[in-house]
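1. Show me the folded form of this:
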Amino acid sequence: MQSRMVILFIFLITVYSSINYYIGWHLTDWLDAVGISYSPWSFWIPFGIIAYGYILGRFRLPAVLLPAGRLLKVIGSYFIFFMEAAFLLFVLYDLIKLIVYATGSAMTDYSLYAGSAVVALLIVLFAIGSRNAWSPIVRQYELNIDKEPIPGGQVEWTVAVASDIHLGNTVGRKHLAKLVSRVNAMKPDLILLPGDVIDDSIEPYLRNRMGEVLGQLKSERGIYAVLGNHEYFGGHIEQYVAEMKKIGIQVLRDETVDIGGELSIAGRKDKTAESAEPSRRLGVNELISSLDHAKPIILMDHQPTKFAAAAEAGADVMLSGHTHRGQFAPNHLITKRLFELDWGYMRKGAMHVVVSSGFGSWGPPIRIGSRSEIIQLRILLGNK
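-> Down below sits the predicted model:
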């Protein structure tokens, strides 16, 4: 097993390095065409450091080098987008060049003009992607549940949902403050956070005192969260749960909570628990079978899978995130193939399913074909 992992690692590093050499070679070709002088060392050493920045920034460093490591990780995260976009554009660049060559047409200054077009398009994509990532929108859904409210109970519920916040070295207090402001403006009855509140390590969350900002969220009937895969990756689950409790957010780990006898919320552990925890996680039917099914049941499960099982178990609403809708195109074509619903709304039997593209971002704070979003649910009870 260990030898297989080594072989896989070598294979992936080889592919990764080859892609980046391909990109770097095209960039040097463009620099030559533009007439910008450079030495191979002055280009390839910084390019290599940035290309491997996200990986290098995750290594343990002496305290004095930690700020440099964090900066390298942030720069490296932006490079993830640059690498994918540049690779696809330069492949297109080479295909067009091949077609032009095959037709026998003149190719004077192709490297200059086509290369400049690629660089210009990358700059435009960075600008659009940054705007989409840092300018959150509120997406609204109205859900009708054919269950009568209890006498004197609420007929209409406003529920704010924010998945995949990914608080860390990239997404910090400033972006989090936008979430707090927009959610509180809804005056929600409930606030639900379906996983990946933090991005792996809890250290940036603590160092930058993000709990002070997150703790400003206000709701009439409570704030609840579930674990995502990134909370497991960070390995600080107990500390994270304790920190959330300090600011009035209850993290549900295969647990349910009754909201004043009117509505139930069920929170599943993330799918990662099936391999990361000895106790694994409960099946959705085990989790909600004991609930009063005459009352609405809202289920939070970070990864959008097994909708049919949740519907058959009796959930009325299922909330998920995780996919980011691929975060930047054309990755959405992959998430669309992997998940029954990778973003948006669908009806599964009597159950409403809402999958959010997320509020924060993993890796680069860039979104193409998706937006940073907060979900506002208007849940109406009774036979409408």
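
2. mind listing the helices in the protein by residue range?
-> Listed in chain order, the helices of the chain (DSSP state H) span 2-34, 40-51, 53-56, 66-103, 110-134, 173-186, 203-207, 210-214, 229-234, 237-246, 273-276, 284-288, 307-313, 332-338.

3. To residue 146, which of the ones you listed lies closest?
-> Closest to residue 146 of the helices of the chain is helix 307-313 (C-beta to C-beta; 13.8 Å). Yep, even glycine has a C-beta here, placed from its N, CA and C like the rest.

4. next one: phi and psi at residue 136?
-> Here is the backbone geometry of residue 136 (degrees, to the nearest 10): phi -70, psi 150.

5. Burial check on it, number of neighbours?
-> Residue 136 has 20 neighbours, counted by other C-beta atoms under 10 Å.

6. Now do it against residue 376, distance only.
-> Residue 136 sits 12 Å away from residue 376, going by C-beta to C-beta, to the nearest Å.

7. again, but for residue 112
-> The gap separating residue 112 from residue 376 is 49 Å, by C-beta to C-beta.

8. So which of these two has more stuff around it?
-> Higher neighbour count among residue 112 and residue 376: residue 376, with 19 against 15, using other C-beta under 10 Å.

9. Find me the pLDDT at that one, would you?
-> pLDDT, residue 376: 98.

10. Bridged to it, which residues?
-> residue 140, residue 160 (DSSP bridges).

11. got the contact list for it?
-> 138, 139, 140, 141, 158, 159, 160, 161, 186, 188 (C-beta atoms under 8 Å, 6 or more residues apart in numbering).

12. and if you look at residue 321?
-> By C-beta under 8 Å, 6+ apart, the contact set of residue 321 is 163, 164, 194, 195, 196, 228, 302, 304, 355, 356, 357, 358.

13. same question, residue 82
-> Shown in contact with residue 82 (C-beta under 8 Å, 6+ apart): 122, 126, 364.

14. still on that earlier bit, is it possible to get CSV of the contacts of residue 376 that adds neighbour count and pLDDT?
-> Formatted as CSV, these follow (neighbours: other C-beta atoms under 10 Å; pLDDT from 0 to 100):
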residue, neighbour count, pLDDT
138, 13, 98
139, 17, 98
140, 11, 98
141, 16, 98
158, 18, 98
159, 25, 98
160, 25, 98
161, 27, 98
186, 19, 97
188, 22, 98
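
15. between those residues, which is nearest residue 178?
-> Comparing the contacts of residue 376 against residue 178 with C-beta to C-beta places residue 138 closest, at 10.7 Å.

16. Is that closest one in contact with residue 374, as I believe?
-> Yes. Between residue 138 and residue 374 a contact is recorded at 5.1 Å, counting by C-beta atoms under 8 Å.

17. Can you check which residues contact both of those two?
-> With contacts defined as C-beta under 8 Å, 6+ apart, the residues shared by residue 138 and residue 374 are residue 182.
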